[in-house]
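J.: give me the fold of what follows.
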Amino acid sequence: MMSQVLSTQTEIAQEHRAWIRLLRAHSALTRELSGRLEAAHGLSLRDYDVLVQLYSAPDRRMRRIDLARTVILSPSGITRLLEGLERAGWVAKHHCASDARVTYAVLTDAGVAKFEEAHVTHLADIEELFASRFSGDEHDQLAELLGRLPLADAGTCNA
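T.: Next up, the predicted model:
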């Protein structure tokens with residue numbers, strides 16, 4: 001009975017090895033990347049994600065609800081995050097002239113400068129911690145494999 005349980009546990013562990021590694025790698029990489037952004041630029045990884053989305057958006061603005069969906073936050077979560085970015089002067093809140101229910105998050109000039117400054121070091125950190133570990137073909141293969149997951153491409157941009 002005990003060997004049957006151990007055999008089943010071993011099979012489960014082998015079957016889910018890729019999933020477990022993905023979870024651990026994601027956690028470790030996001031923690032390290034966020035720590036580096038915070039130390040070098042005073043930004044969390046979530047802050048950076050908002051800045052990159054706004055930087056890439058037409059007119060560097062997005063409806064707050066669309067931004068929330070893109071960075072995978074609830075409406076109240078995006079409100080709290082944007083409040084900090086607004087206090088820092090990197091994002092401004094604009095109201096829609098034609099619909100009072102709609103508000104926009106707009107990247108300010110200071111936000112553009114902050115993003116461009118952080119982007120250079122963040123890309124170097126990504127290269128060091130992630131990209132340098134794989135060949136070009138492996139990048140393509142990994143992107144293809146991860147692209148099969150639900151919502152893997154939701155809200156992505158090239159910045």
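J.: from here on, contacts and neighbour counts on C-alpha atoms
T.: Noted.
J.: end-to-end on stretch 59-75?
T.: From the first residue to the last, stretch 59-75 extends over 22 Å; the measure is CA to CA, to the nearest Å.
J.: contacts for it?
T.: Around stretch 59-75, the neighbours that count as contacts under CA atoms under 8 Å, 6 or more residues apart in numbering are 46, 49-50, 53-55, 77-78, 102-107, 154-156.
J.: likewise stretch 78-93?
T.: Applying CA under 8 Å, 6+ apart, the external contacts of stretch 78-93 come out as 47, 64, 67-68, 103-112, 114.
J.: mind giving me the packing neighbours of the strand or helix carrying E38?
T.: Assigned by DSSP states H and E, E38 belongs to helix 17-41. Where contact means 3 or more CA pairs under 8 Å, 6 or more residues apart in numbering; DSSP states H and E, helix 17-41 is packed against helix 45-56, helix 109-129.
J.: which among those is found nearest to W19?
T.: With CA to CA as the measure, helix 109-129 is the member of these nearest W19 (19.4 Å).
J.: quick check: chain neighbours aside, which residue is closest to the one residue sitting closest to the centre of the chain?
T.: Taking CA atoms, centre = their mean as the criterion, D49 is the residue nearest the geometric centre of the chain, at 4.9 Å. Using CA to CA, 6 or more residues apart in numbering and skipping the chain neighbours, the partner closest in space to D49 is V71 (6.7 Å).
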